[in-house]
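Undergrad: Got a sequence here, can you model it:
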Amino acid sequence: MPTRRELEMHEMWCGADTSGELVWHVLTSDKSSTLCGVEKQDESTRRHVTDRHCFSCMKTFQDVVEAS
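TA: Model prediction:
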């Protein structure tokens with residue numbers, strides 16, 4: 001699980017979930033992957049809009065914030 005320090009500066013990224021649907025993920029501090037482990041892909045092809053969020057990313061982020 002990421003530490004609070006790792007989540008101090010976070011960004012959202014729109015990418016596929018395990019079913020292939022587009023959702024918003026929370027990126028790790030190095031911005032190379034998401035809190036749920038999805039590897040970030042090239043952004044130039046990701047200009048889609050969705051209001052769905054990755055439950056795993058959101059739950060991990062919430063757990064870390066609540067623990068501090």
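Undergrad: Name the residues of the longest helix along the chain that are buried.
TA: Looking across the chain with DSSP state H, the single longest helix is helix 55-67. The neighbour-count check on helix 55-67 (16 or more other CB atoms under 10 Å) flags 56, 57, 58, 60, 61, 64 as buried. Quick note: C-beta positions are derived from backbone N, CA and C, even for glycine.
Undergrad: Contacts only, for residue 10.
TA: Taking CB atoms under 8 Å, 6 or more residues apart in numbering, we find residue 10 in contact with 26, 27, 29, 61.
Undergrad: My understanding was that the second one contacts residue 13; is that so?
TA: Yes. Using CB atoms under 8 Å, residue 27 makes contact with residue 13 at a distance of 5.2 Å.
Undergrad: just to revisit the earlier point, chain center to the longest helix of the chain, what's the gap?
TA: Put simply, helix 55-67 sits 11 Å off its chain's centre (CA atoms, centre = their mean, to the nearest Å).
Undergrad: tell me the centre residue of this protein?
TA: residue 26 (2.1 Å; CA atoms, centre = their mean).
Undergrad: Tell me the spacing between residue 21 and residue 63.
TA: Taking CB to CB, to the nearest Å as the measure, residue 21 falls 23 Å from residue 63.
Undergrad: for residue 35, that is, sorry about that
TA: From residue 35 over to residue 63 the distance is 10 Å, taken as CB to CB.
Undergrad: One more: residue 10?
TA: To residue 63, residue 10 is 14 Å away according to CB to CB.
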